[in-house]
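[1] fold the following and give me the result.
(chains A and B)
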Amino acid sequence: MSVITYKEAIKQALAEKMREDKRVFLIGEDIGVYGGAFGVTMGMIDEFGPERIIETPMSEAAFTGVAVGAAMLGMKPVLEIMFADFLTFSAEQIVNQAAKIRFMTGGQVKVPLVIRAPQGSGTGAAAQHSQNVEAWFLNVPGLKIVAPSNPYDAKGLLKSSIEDGNPVLFLEHKLLYSLKGEVPESDYRVPIGKSKVVREGNDITIVATSIMADRSLEAAKLLENENISCEVIDPRTIKPLDLQPIINSVKKTHRLLVVYEGCRTGGIGGEIIFRIAESEAFFYLDAPIYTLGGLDIPIPYNRNLEAHAVPQVDNIMNKVKTILKGVKNA
Amino acid sequence: MSELSTDFKIEMLRKMMLIRAFEEKAEELYMKNLVHGTMHLSVGEEAVAVGAIFALDKTDYITSTHRGHGHMIAKGGDVRLMFAEFLGKETGYCKGRGGSMHIASFALGNLGANGIVSSSIPIGTGAALALKMQKKKQIVLSIFGDGASNEGMFYESLNMAKIWNLPIVYLCENNMYAMSASVKRFVATNDIVDKANAFGMPGVVVDGMDVIAVYEVVKEAAERARNGEGPTLIEAKTYRYKGHSKSDLNLYRTKEEIEEWKKKDPINTFVEKLKVSQELNDEVYRSLQEEVSKIIEDGVKFAIESPEPSVDSIFDYVYAEEGDER
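    Residues are numbered from 1 along each chain as shown, chains lettered A, B, ... in the order given. Sure thing, here's the model as predicted:
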């Protein structure tokens, strides 16, 4: 095991796959000597050269399509979208092309494309550079969406994404880039479509995606001091969602809170809740199912307003306590 | 014109006739209520598809458009499988999942018709990038319409193709109308090919009603692309006789305009030329007509007799189940 950052984990996955498979290449803006806006690809051009670290003009709509076309001809492009917010430009190629081409052509072709995009708030970058975008692409059949919350998952999931035969939207979180964690020295994978119970507990199940998994873990540790035992599940893959571990957990804890950064309306919270409501876990519930999502506002610039726009550790703690208190009162 | 063999020219004629017959039959099937969706006919534009695709090597790639029947047939498409797709049958090119607007055959090098105007341009550009990275000798012919030349992805793609010196030929099939929007009203430049200047790439206008003229300019551009001399933008001026799709009432143009273009009909004018050069006589022409009718008849029969996809297979092809270790 070595302790590395989330950013380094992503870079290691990219470099190791590029060494192993000549079809893998990177494409995006400023990913050469600049190293990408967040430095993820820093120095990679020295090893792989401009033939495999392909820098593009500011043409997200078309270079996403370029990656789709290259994938159709047997290459394995890993696309970097500088900020996930810019996926609005790429949406046509992701939604109407990459995700549908295999289906529309009766299975004639695969589109093995990975789209890496850093998302999330907390950097003071305001409304056009801070969004959590997982919900935008949730209802696009043919697309997979992963959102790792730690270095181990980031490296293992990125390798799995590159090896997948489908387009995968790989959502990184900007605030997690400096997060450190243990990563094995050996070659390993984290499978797509597998949730993980990241902390076991008995009083309540917290399902949390991306950075909210990290914040929920922190909340769970602090709540332990108050004799509250939280089970925390990180779906890791947003689509396809691995529901069974959540169902099993709710059957044990009888309570569910879903925590996510995206705007509360139309988010992953509703998606998880309706699936739990339809499942056998519903009969085990001792409290209503709750969500804690981002406010339905654009991300504000002001530091304090920005922090209030999305769930923080103390919000999660308070919500858990409220839910547990509600049951006692009931 | 003399450099090409008579056999080659007769094959060009035969393909143009087959395209027209396919589309006329497609329209007939639609009128008989046998077709679930819509269709976009290219009647009048056959010389562009055949001239351009005959200028390619068999292993070259094309990207096509929503008006793509002609491109597919010129690339070697089997009309039986095309009719079957059109009727939504399991035996169709896309197993009935795509319909007229998504016909593709990766085996034939057709990366697909596309329902989103201009979206195939970057895809073709990416295919060209892949060919360059793989050090292959093939090229891509990216076909799109005049409407697509007003979309942002057109400009972004041509810019990238030029800076990366990609093996691609951009062919704008200018049929004068994007649905009802005429190029006169909606294209700022005199010719669409003027846009090539913005990217410092060669731009060539060609008479899209003349199959040999189209062949020659695409051949030259394809050779440039193949020799590592980068992309070319070609504008083939042509005309769509039929409406944009089945909802079109032709309110935006005159009957006289349509009749004027029909005088330059790509098939009739080519037949006349071949007769003048004594490469075609009435007997050969009649036998071509009979052959084409038979292919169409067989195709329709095959499609009608083919099975529908099973509802049990509705989730098939949404995701590739296996990984990508080709």
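[2] give me every residue in the stretch 151-300 of chain A lying close to chain B.
    A:163-166 (CB under 8 Å from any CB of the partner chain). Heads up, the C-betas are built off the backbone N, CA and C, glycines and all.
[3] which residues touch the residue nearest to the spatial centre of chain B?
    The centre of chain B sits closest to B:H71, judged by CA atoms, centre = their mean, with a distance of 2.8 Å. Contacts here follow CB atoms under 8 Å, 6 or more residues apart in numbering or on different chains; on that basis B:H71 touches B:49, B:53, B:62, B:64-65, B:110, B:113, B:143.
[4] if I look at it, how far off is chain A?
    Applying CB to the nearest CB, to the nearest Å, the value for B:H71 to chain A is 15 Å.
[5] that residue - that's part of a helix, no?
    Yes - remark: B:H71 belongs to a helix, assigned using DSSP: H, G, I helix; E, B strand; the rest coil.
[6] tell me who's in contact with the closest residue to it other than its chain neighbours.
    Take B:H71 and drop its neighbours on the chain: the residue closest to it by CB to CB, 6 or more residues apart in numbering or on different chains is B:S64, 4.2 Å away. Contacts for B:S64 (CB under 8 Å, 6+ apart) come out as B:71-72, B:103-104, B:110-114, B:120, B:143.
[7] now render those as CSV, adding distance to B:N281.
    Formatted as CSV, the contacts of B:S64 follow (distance: CB to CB, whole Å):
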residue, distance to B:N281
B:H71, 30
B:M72, 30
B:I103, 35
B:A104, 38
B:N110, 34
B:L111, 39
B:G112, 39
B:A113, 36
B:N114, 41
B:S120, 40
B:I143, 33
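[8] from those residues, which would you call buried?
    In terms of neighbour count (16 or more other CB atoms under 10 Å in any protein chain shown), the buried residues within these are B:71-72, B:103-104, B:110-114, B:120, B:143.
[9] residue closest to the middle of chain A?
    A:A147 (1.4 Å).
[10] shouldn't it be in contact with A:T209?
    Yes - contact criterion CB atoms under 8 Å: A:A147 and A:T209 qualify, at 5.5 Å.
[11] what do the two both touch?
    A:134, A:238.
[12] just the helices in the stretch 151-300 of chain B please.
    If you assign secondary structure with DSSP state H, counting those that start in this stretch, the helices in the stretch 151-300 of chain B sit at B:152-163, B:183-186, B:211-226, B:255-262, B:266-276, B:282-305.
[13] for the first one, the averaged confidence score.
    Which is helix B:152-163. Averaged across helix B:152-163, the pLDDT comes to 98.
[14] likewise the longest one?
    Helix B:282-305 carries an average pLDDT of 98.
[15] by contact count, what packs against that helix?
    helix B:6-31, helix B:79-86 (3 or more CB pairs under 8 Å, 6 or more residues apart in numbering or on different chains; DSSP states H and E).
[16] next: the third one.
    In terms of contact count using 3+ CB pairs under 8 Å, 6+ apart, helix B:211-226 is assigned the packing partners helix B:6-31, helix B:46-54, strand B:140-145, strand B:168-174, strand B:203-207, strand B:232-237, helix B:266-276.
[17] list the buried residues of the last one.
    Spelled out, that is helix B:266-276. B:266-267, B:269-271, B:273-274.
[18] element containing the residue lying closest to A:T56 once chain neighbours are set aside, please.
    Once flanking residues are discounted, A:T56 sits nearest to A:F63: 4.3 Å by CB to CB, 6+ apart. Under the criterion of DSSP states H and E, A:F63 resides in helix A:60-72.
[19] after that helix comes which helix or strand?
    Downstream of helix A:60-72 (by DSSP H and E), the next one is strand A:76-80.
[20] do you know how far the closest residue to B:V206 other than its chain neighbours is from chain A?
    Leaving aside its sequence neighbours, B:V206 sits nearest to B:V217 (CB to CB, 6+ apart; 4.6 Å). Relative to chain A, B:V217 is positioned 24 Å away (CB to the nearest CB).
[21] next, the contact list for residue 226, please.
    All of this refers to chain A. Contacts of A:E226 by CB under 8 Å, 6+ apart are A:K321.
[22] sorry, should have said chain B
    Contacts of B:R226 by CB under 8 Å, 6+ apart are B:137, B:139, B:167.
[23] between the residues you listed, which is nearest A:V259?
    Using CB to CB, B:P167 is the member of the contacts of B:R226 that sits closest to A:V259, with 49.9 Å.
[24] and the closest one, how many neighbours does it have?
    27 (other CB atoms under 10 Å in any protein chain shown).
[25] could you report the pLDDT at it?
    pLDDT, B:P167: 98.
[26] pretty sure it is touching B:L129, no?
    No - look at B:P167 against B:L129 with CB under 8 Å: they stay out of range, at 9.2 Å.
[27] residues in contact with stretch B:16-36?
    Under the contact criterion CB under 8 Å, 6+ apart, stretch B:16-36 has outside partners B:39, B:41-43, B:46-47, B:49-50, B:69-70, B:73-74, B:79, B:82-83, B:86-88, B:99-100, B:211, B:242, B:246, B:266-267, B:270, B:288-289, B:292-293, B:295-296, B:299-300, B:304.
[28] where does pLDDT dip in the stretch 151-300 of chain A?
    The stretch 151-300 of chain A contains no residues with pLDDT under 70.
[29] in it, which residue sits closest to chain B?
    A:G165 (3.4 Å; CB to the nearest CB).
[30] between the residues of the stretch 151-300 of chain A next to chain B, which sits nearest A:S186?
    A:E163 (16.4 Å).
[31] how about stretch A:173-188 as CSV, C-alpha atoms only?
    Extracted in CSV, the C-alpha atoms of stretch A:173-188 (Å, rounded to 0.1, in the frame of the first residue of the first chain):
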residue,chain,number,x,y,z
HIS,A,173,-14.6,16.1,-7.6
LYS,A,174,-12.4,19.1,-7.5
LEU,A,175,-12.2,19.2,-3.7
LEU,A,176,-11.2,15.6,-3.6
TYR,A,177,-8.1,16.0,-5.8
SER,A,178,-5.9,16.6,-2.7
LEU,A,179,-7.5,13.9,-0.6
LYS,A,180,-5.0,11.2,0.4
GLY,A,181,-5.7,7.5,0.8
GLU,A,182,-4.2,4.1,0.6
VAL,A,183,-3.8,2.5,-2.8
PRO,A,184,-2.3,-0.9,-3.4
GLU,A,185,0.9,-1.2,-5.3
SER,A,186,-0.5,-4.0,-7.3
ASP,A,187,-2.7,-3.8,-10.3
TYR,A,188,-6.4,-3.9,-9.2
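[32] how's chain A carved up into domains?
    The record's domain parsing of chain A by automatic domain parsing lists A:2-183, A:196-329.
[33] so of those domains, which one's packed in deepest?
    Per residue and on average, the most neighbours among these fall to domain A:2-183, with a mean of 22 (mean count of other CB atoms under 10 Å in any protein chain shown).
[34] ok, the residue nearest to B:V206 to B:G203 distance?
    Separation of B:V217 from B:G203 (CB to CB, to the nearest Å): 10 Å.
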